[in-house]
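Undergrad: Next come a sequence and a model predicted from it.
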Amino acid sequence: MGSSGFRNHVRDRVLLFFAQAEKVYTNGYFRVKMLALVLLGINALVYQLKFYPAMAEWDLSESVPRGAQVVAVTSLAFWMIVIACGRLMAYEL
């Protein structure tokens, strides 16, 4: 997808938000989705700062560090929340 695809996606979502800003912003699912996206960003930052620099050492160990596993499971859980809230928002607008 690359950075241009990401920029296009963000631009489209911002335009969709402004088309129905009041209805979307007052939607509880939207707020939970945005919170989950912020937490996903924090989760990714934790991974990048704490676990990614030592990733080469994982080849020498028997398993992936427990903290990296927790970050991965947390990421999957937050993405499921984002997807579910995105789908449920349509029924509340």
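TA: Good, I have the coordinates.

Undergrad: Other residues contacting stretch 45-54?
TA: Here stretch 45-54 makes contact (C-beta atoms under 8 Å, 6 or more residues apart in numbering) with 65, 67-68, 71, 75. For every residue, glycine as well, the C-beta is placed using N, CA and C.

Undergrad: Kindly list the single helix or strand of this protein that scores lowest on mean pLDDT.
TA: Lowest by mean pLDDT, DSSP states H and E among the helices and strands of the chain is helix 2-19, with a mean of 80.

Undergrad: Heading C-terminal from that one, find the next helix or strand.
TA: helix 21-25 (DSSP states H and E).

Undergrad: what's in contact with that following helix?
TA: 17, 30-31, 89, 93.

Undergrad: That one: which residues count as buried?
TA: Buried residues in helix 21-25, defined by neighbour count with 16 or more other C-beta atoms under 10 Å: residue 24.

Undergrad: Over to stretch 41-56?
TA: Across stretch 41-56, burial judged by 16+ other C-beta under 10 Å covers 43, 46-47, 51.

Undergrad: what's the span of that stretch, first residue to last?
TA: One end of stretch 41-56 sits 23 Å from the other (C-alpha to C-alpha, to the nearest Å).

Undergrad: before we move on, the earlier item: make a markdown table out of the buried residues of stretch 41-56 and add secondary structure.
TA: Below are those laid out as a markdown table (DSSP: H, G, I helix; E, B strand; the rest coil):
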| residue | secondary structure |
| --- | --- |
| 43 | helix |
| 46 | helix |
| 47 | helix |
| 51 | helix |
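
Undergrad: which helices and strands sit right next to the longest helix seen in the chain?
TA: Longest helix of the chain, by residue count under DSSP state H: helix 66-92. In terms of contacts (3 or more C-beta pairs under 8 Å, 6 or more residues apart in numbering; DSSP states H and E), helix 66-92 is packed against helix 28-46.

Undergrad: tell me the angle of the helix it packs on relative to helix 2-19?
TA: Angle of helix 28-46 versus helix 2-19, following axes from the mean of the first three to the mean of the last three C-alpha atoms, to 10 degrees, is 150 degrees.
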